[in-house]
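Peer 1: Predicted model, plus sequence, below.
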Amino acid sequence: MDYEFKKNTLDGSYHAVFSMGHEALGRWLVEEIGKDFTKMDTILAQISALKNSTQEWRLIGDELTLSLQDNEALIQANFLFSDDDDEYEEDLHLYDEESMSLCGFEDFTLVLDAWRAFVIRF
């Protein structure tokens, strides 16, 4: 998984650009986590607690939800949880792939630590 963090010096906004298949992770970092170190600490504590466990833990955000289970972190757009398939056109189902990211706890922890270091630095 390749990624790059950027900060717009004109408006102070953050950007996280991830390789194909992990775009939702970048959106989640920017839109749901930002500089919330308390959330980051909570997530890291949950990862430690859930290692080698079958239990699930979720953090539901405004647009995206993080699910931790089976040593994997899954980020999904909240609209994917909707049972109303008629609401979206058939062509939009291809967009679902950009609305979901899955990675192991180890990679997810590295990304979260790198994000923390980046927002502290900038």
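Peer 2: Perfect, thanks for sending it. Nothing here was measured: the structure is a model prediction, and the numbers come from that model. Residues are numbered from 1 along each chain as shown.
Peer 1: Find me the pLDDT at residue 24, would you?
Peer 2: The confidence metric pLDDT takes the value 96 at residue 24.
Peer 1: so who does it touch?
Peer 2: Listed by C-beta atoms under 8 Å, 6 or more residues apart in numbering, the contact partners of residue 24 are 64, 75, 76, 77, 98, 99, 100, 101. Placement of C-beta: from N, CA and C, glycine included.
Peer 1: and it, how far is that from residue 122?
Peer 2: As judged by C-beta to C-beta, to the nearest Å, residue 24 and residue 122 stand 23 Å apart.
Peer 1: Can you list the buried residues in the helix of greatest length in the chain?
Peer 2: Secondary structure of the chain per DSSP state H: the longest helix is helix 105-121. By neighbour count with 16 or more other C-beta atoms under 10 Å, helix 105-121 contains the buried residues 105, 108, 109, 111, 112, 115, 116, 118, 119.
Peer 1: Return the closest of those residues with respect to residue 54.
Peer 2: Closest approach to residue 54 among the buried residues of helix 105-121 (C-beta to C-beta): residue 105, at 13.6 Å.
Peer 1: pretty sure that closest one contacts residue 72?
Peer 2: Yes. Between residue 105 and residue 72 there is a contact under C-beta atoms under 8 Å: 6.9 Å.
Peer 1: And the pLDDT at residue 28?
Peer 2: We have a pLDDT of 97 for residue 28.
Peer 1: show me the contacts for it.
Peer 2: Counted by C-beta under 8 Å, 6+ apart, residue 28 has contacts 61, 64, 66, 75, 101.
Peer 1: Low-confidence ranges, this protein, go.
Peer 2: 83-97 (pLDDT under 70).
Peer 1: What segments of it are strands?
Peer 2: Assigned by DSSP state E, the chain shows strands spanning 3-7, 14-18, 57-60, 64-69, 72-77, 100-104.
Peer 1: export those strands to TSV and tack on mean neighbour count and distance to residue 28?
Peer 2: TSV is the format used below for these (neighbours: other C-beta atoms under 10 Å; distance: least, C-beta to C-beta, whole Å):
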stretch	mean neighbour count	distance to residue 28
strand 3-7	15	12
strand 14-18	18	9
strand 57-60	14	9
strand 64-69	19	5
strand 72-77	20	5
strand 100-104	18	8
